[in-house]
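Asks: the following comprises the amino acid sequence and a computationally predicted model.
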Amino acid sequence: MSTSNSPKSSSPSSDPGTPNSASMYGFSDEPYDTFQPKIAALLESIGHFKDIVLEHLRGGSFNHVIIARATRISTNDPIQGIFRIPRDVFNEPIDVEIEDQAAVLQMLNAQKNLNTPKLLAFDASLNNPIHFPFTFIELAPGLRLHDVYRGMSLPEKLSMVDELVKYLLAAERVTFPRHGIITAAKDSPVKGSIYDPSGLPPMQLDFRHLGEFCNLGDRSNRTNSSPESWTDTLFNMIASECNGADTSSDYDPILEIWERVREVFHQMCDSGHFSLRHEASLSTAPSILYHWDLEPRNIIVTRTDEGYRIEKIIDWDGVQAVPPVMARRPPIWLWDTTDEMWDFTIGIEMESVGSDFDGDADLLDPRRYNACKGRLSDDERLIRTRFEERLVQGLGEIYEGYNMRDYMEEAYGNGRWIRRMTRIVVNGIHSDWEEKRLEHLIENRGAFMKRSQSGAESEVSRG
């Protein structure tokens, strides 16, 4: 067995998709040199292997990340995968987040054209050689899209547009009977391996309320099976926050903020912001598959004779089932790569390189792409047009009568306001940052309503 102690900064495909970097110095305060043999024993416990090579990586705020390469003894086939091992374990006998990840990956692996990493093995218990839960996932070859996209030629970027549209349409076709964060059902299997003679155990899915997104391991509150509109869903979530506020004191600042959220929500409903011509896009029954962090850093690509293709899409933690309108946030990084950052908290522009890759497009004024602004080059306009036309064509095959007007409304019109309010309600009010996001929404909406009433607010242009 051999190891490499030099992280591969140029090997994005081994990145588990976590947003920040941290060194894997040890494992639960144990030096890697002594922990390394336990990883080899762990690999051998899920199958019989030889020629084991391990490499620990920098990356993973919440998980230790280790690449394992080996040869399967029974078939002499090479294997390579990534161990993701939680940094924190809270003395629970079963790690339900590991069960959730395994159930979601198993479901995704069964779908067509989603390009998801294959689940190789998992153990949500502590009953293994490292005494920690883990997942072992296929290691995909390729490069992270955000490392290569700017250097692509126009034909290569257009091929990437087609690849992304293909994925989005595939995700649109994966539907669920209700909304929520997709999880493993209660009493799911706690471990499994494709190298076991019986293979991976089948796992059932369940759904948790989106409002619990920041507490992924909590299974105490599940969604019910009764379909409701997205407007009703948000209304009920806001009411729950207001009704559950602390009433022991005369003044509760959090309750005051939630009352403001409720007031703005009702104003938006009264002004028609929660109305869409294509009503099914607001339905929660069915809901569609939604990767909430579909950014270039989580898209692994390889080069072909025709251009680039999506090899894998990674980082599926907390994947959601949502109304289609939630998936309409435009991927502006395809056509808008200017060195600009919008400071959402104070509402000013600041210089930054590539910031639009990670920004929230819904917070930006959609009129910035109107032809009169001169923001986009001819090539960038072509990329944007290609994306919109190909996506709308595909959505028209899924939803009868769906057209470009529907898409523009959902991407840049009312859909934008719906997603902004949803983010506030779902994420909750936990800091000044979320409160400023609410203030930004109120300010932007007020300016929008004034322009609308004066007749100055024109439809977002595609040119």
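Replies: Received, thanks. Numbers count the residues shown, from 1 in each chain.

Asks: for this protein, which spans come out with low pLDDT?
Replies: 1-32, 59-61, 212-227, 245-251, 338-359, 454-461, 463 (pLDDT under 70).

Asks: now the one helix or strand Glu397 maps to: how far from the chain's centre is it?
Replies: In this structure, Glu397 sits in helix 378-398 according to DSSP states H and E. Chain-centre distance of helix 378-398: 22 Å, with C-alpha atoms, centre = their mean, to the nearest Å.

Asks: and that helix, what's buried?
Replies: 380-384, 386-388, 390-392, 394-395 (16 or more other C-beta atoms under 10 Å). (Glycine included, C-beta is placed from N, CA and C.)

Asks: got a list of contacts for that helix?
Replies: The contact list for helix 378-398 (C-beta atoms under 8 Å, 6 or more residues apart in numbering) reads 154, 157-158, 161-162, 164-165, 168-169, 172-173, 331, 334-336, 369, 376, 402-404, 406-407, 462-463.

Asks: switch the cut-off to 6 Å
Replies: Contacts with helix 378-398, where a contact means C-beta atoms under 6 Å, 6 or more residues apart in numbering, come from 154, 157-158, 161, 165, 169, 172, 334-335, 402, 404, 407.

Asks: now list the buried members of these.
Replies: 157-158, 161, 165, 169, 172, 334-335, 402, 407.

Asks: what is the nearest of the residues you listed to Tyr308?
Replies: Taking C-beta to C-beta as the measure, Lys157 is the one of these closest to Tyr308, at 8.5 Å.

Asks: helix, strand or coil for that closest one?
Replies: Using DSSP: H, G, I helix; E, B strand; the rest coil, the structure places Lys157 in helix.

Asks: could I get the buried residues of helix 378-398 as a markdown table with distance to Pro133?
Replies: Conversion of these to a markdown table gives the following (distance: C-beta to C-beta, whole Å):
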| residue | distance to Pro133 |
| --- | --- |
| Glu380 | 45 |
| Arg381 | 48 |
| Leu382 | 47 |
| Ile383 | 42 |
| Arg384 | 43 |
| Arg386 | 43 |
| Phe387 | 39 |
| Glu388 | 43 |
| Arg390 | 41 |
| Leu391 | 38 |
| Val392 | 43 |
| Gly394 | 39 |
| Leu395 | 39 |
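
Asks: which single one of those is nearest to Asp232?
Replies: Taking C-beta to C-beta as the measure, Leu395 is the one of those closest to Asp232, at 24.2 Å.

Asks: tell me the spacing between that closest one and Met404.
Replies: For Leu395, the distance to Met404 equals 10 Å [C-beta to C-beta, to the nearest Å].

Asks: same question, Asp33
Replies: Asp33 sits at a distance of 59 Å from Met404 (criterion: C-beta to C-beta).

Asks: next one: Phe90
Replies: Using C-beta to C-beta, Phe90 is found at 50 Å from Met404.

Asks: just the CA atoms of the longest helix seen in the chain, as PDB, please.
Replies: Criterion DSSP state H: the longest helix present in the chain is helix 432-454. Output in PDB follows, covering the C-alpha atoms of helix 432-454 (Å, rounded to 0.1, in the frame of the first residue of the first chain):
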ATOM      1  CA  ASP A 432     -28.300  40.200  10.400                       C
ATOM      2  CA  TRP A 433     -27.400  38.800   7.000                       C
ATOM      3  CA  GLU A 434     -30.900  37.300   6.500                       C
ATOM      4  CA  GLU A 435     -32.500  40.500   7.900                       C
ATOM      5  CA  LYS A 436     -30.600  42.500   5.300                       C
ATOM      6  CA  ARG A 437     -31.700  40.100   2.600                       C
ATOM      7  CA  LEU A 438     -35.300  40.900   3.600                       C
ATOM      8  CA  GLU A 439     -34.600  44.700   3.500                       C
ATOM      9  CA  HIS A 440     -33.100  44.300   0.100                       C
ATOM     10  CA  LEU A 441     -36.200  42.500  -1.100                       C
ATOM     11  CA  ILE A 442     -38.500  45.200   0.300                       C
ATOM     12  CA  GLU A 443     -36.400  47.900  -1.300                       C
ATOM     13  CA  ASN A 444     -36.100  46.200  -4.700                       C
ATOM     14  CA  ARG A 445     -39.800  45.400  -4.800                       C
ATOM     15  CA  GLY A 446     -40.800  49.000  -3.900                       C
ATOM     16  CA  ALA A 447     -38.700  50.300  -6.800                       C
ATOM     17  CA  PHE A 448     -40.200  47.700  -9.100                       C
ATOM     18  CA  MET A 449     -43.700  48.700  -8.100                       C
ATOM     19  CA  LYS A 450     -43.000  52.400  -8.700                       C
ATOM     20  CA  ARG A 451     -41.700  51.700 -12.100                       C
ATOM     21  CA  SER A 452     -44.700  49.500 -12.900                       C
ATOM     22  CA  GLN A 453     -47.200  52.100 -11.800                       C
ATOM     23  CA  SER A 454     -45.500  54.800 -13.800                       C
END
